[in-house]
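Student: coordinates for the following, if possible.
(one chain, ligands or ions: 2)
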Amino acid sequence: MAGVPYLEVASELCKGCELCMGVCPKQCIAIGDKLNSASYRPVYYTGENCTGCGLCFYACPEPGAIRVVKP
Ligand code: SF4
Ligand code: SF4
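Tutor: Ligands and ions are numbered 1, 2, ... in the order given. Next comes the predicted model:
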């Protein structure tokens, strides 16, 4: 049986542009409350409802910032 898809955000590569949040049909990406070392506010996966659709991945302009894991 396939596992549940989830999202990994590389906090140090994210620039907090929120484009991924805007396209996620499940609204399961949120903006964090801490700054990364480049003073951006990275997003994070809320921990549920990701379908693995990949829209966030394709919307993200920062290479490597988002990984959709489909176990
Ligand atoms: S893969 Fe789809 S459902 Fe999952 S976080 Fe990204 S946009 Fe949302
Ligand atoms: S689209 Fe990419 S850079 Fe922008 S907030 Fe989402 S993960 Fe961060």
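Student: check contacts around residue 41.
Tutor: 16, 31-35 (Cβ atoms under 8 Å, 6 or more residues apart in numbering). (Glycine included, C-beta is placed from N, CA and C.)
Student: ok, 10 Å please
Tutor: 11, 14-18, 31-35 (Cβ atoms under 10 Å, 6 or more residues apart in numbering).
Student: out of everything not next to it in sequence, what's closest to it?
Tutor: Nearest non-adjacent residue to residue 41, counting by Cβ to Cβ, 6 or more residues apart in numbering: residue 16, 4.1 Å away.
Student: before we move on, the earlier item: of the contacts of residue 41, which belong to strands?
Tutor: residue 31 (DSSP state E).
Student: mind listing the strands for the chain?
Tutor: 6-9, 29-31, 43-45, 66-69.
Student: tell me the most buried of the ones you listed?
Tutor: strand 43-45 (a mean of 21; mean count of other Cβ atoms under 10 Å).
Student: pairing partners for it, with directions?
Tutor: strand 29-31 (antiparallel) (DSSP bridges).
Student: wait, does the partner strand contact ligand 1?
Tutor: Yes - counting by Cβ under 6 Å from any ligand atom, ligand 1 has neighbours in strand 29-31: residue 29.
Student: spell out which parts of the protein neighbour ligand 2.
Tutor: So the chain meets ligand 2 at 9, 14-20, 42-43, 59-60, 62, 65-66 (Cβ under 6 Å from any ligand atom).
Student: nice, that's everything, thank you.
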